[in-house]
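S.K.: Next come a sequence and a model predicted from it.
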Amino acid sequence: RLKWFWYNISLLRCKDFDETMDFINNNLDYYDSWYSVDGSLMFINRKKMTFEKIYKYASKYVYDEREFVSRLGYILLFMCDFKDEEIYEIEKLFHNDDKYYVQMAEAWLMCELVVKNPKCGYIVIERSPLKYNILSKAIQKCQDSFRIDDEIKNNLKALRESKKKN
């Protein structure tokens with residue numbers, strides 16, 4: 001726990017997004033559990049943060065061999081506004097990964113896309129070539145969400161059946 005406190009207090013001391021990401025980039029080995037990844041998101045300084053800066057790091061991290069660094073890449077994207085053009089850039093980062101905590105981050109992010117931008121989020125899931133197990137998790141997260149309306153949920157349910165067959 002001491003390591004967790006040290007790390008997140010260090011994040012709080014950073015003056016802006018660039019300094020925060022420099023610190024994170026120099027301490028990636030700290031990310032050794034889902035909790036260390038997800039728990040540090042709230043401590044990231046968002047001053048001078050842009051979609052381009054988030055995307056730069058996310059696109060590097062999602063392909064990292066370390067499971068929780070890869071998860072970090074997807075979790076960073078939760079700080080985006082999810083405008084149409086951002087979603088279509090984020091879509092390019094989804095890839096088949098066998099690591100459980102990475103798959104869960106991908107599914108969670110897809111659900112968040114649907115929550116924040118239902119039309120574009122649905123399109124991402126609809127045209128995704130990802131393995132069924134990742135898409136099924138994403139669709140289930142959408143089904144469980146109180147933030148998604150029933151029409152989208154019904155469309156996703158029908159989509160799940162077509163994805164299962166492919």
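M.R.: Sure thing, it's come through. Numbers count the residues shown, from 1 in each chain.
S.K.: Please report how far the residue nearest the centre of the chain lies from residue 62.
M.R.: The centroid of the chain falls nearest to residue 74 when counting by Cα atoms, centre = their mean (3.1 Å). For residue 74, the distance to residue 62 equals 6 Å [Cβ to Cβ, to the nearest Å]. Yep, even glycine has a C-beta here, placed from its N, CA and C like the rest.
S.K.: same thing with residue 101?
M.R.: 12 Å.
S.K.: Which one of these two is surrounded by more residues?
M.R.: Higher neighbour count among residue 101 and residue 62: residue 62, with 22 against 17, using other Cβ atoms under 10 Å.
S.K.: what about this protein, any weak spots by pLDDT?
M.R.: Within the chain, the stretches with pLDDT under 70 are 166.
S.K.: ok, which stretches of it are helices?
M.R.: Secondary structure of the chain (DSSP state H): helices located at 2-13, 17-26, 34-40, 51-61, 67-76, 84-91, 100-116, 118-127, 132-144, 150-165.
S.K.: Among these, show me which one is buried the most.
M.R.: With neighbours defined as mean count of other Cβ atoms under 10 Å, the helices of the chain peak in mean count at helix 67-76, which reaches a mean of 24.
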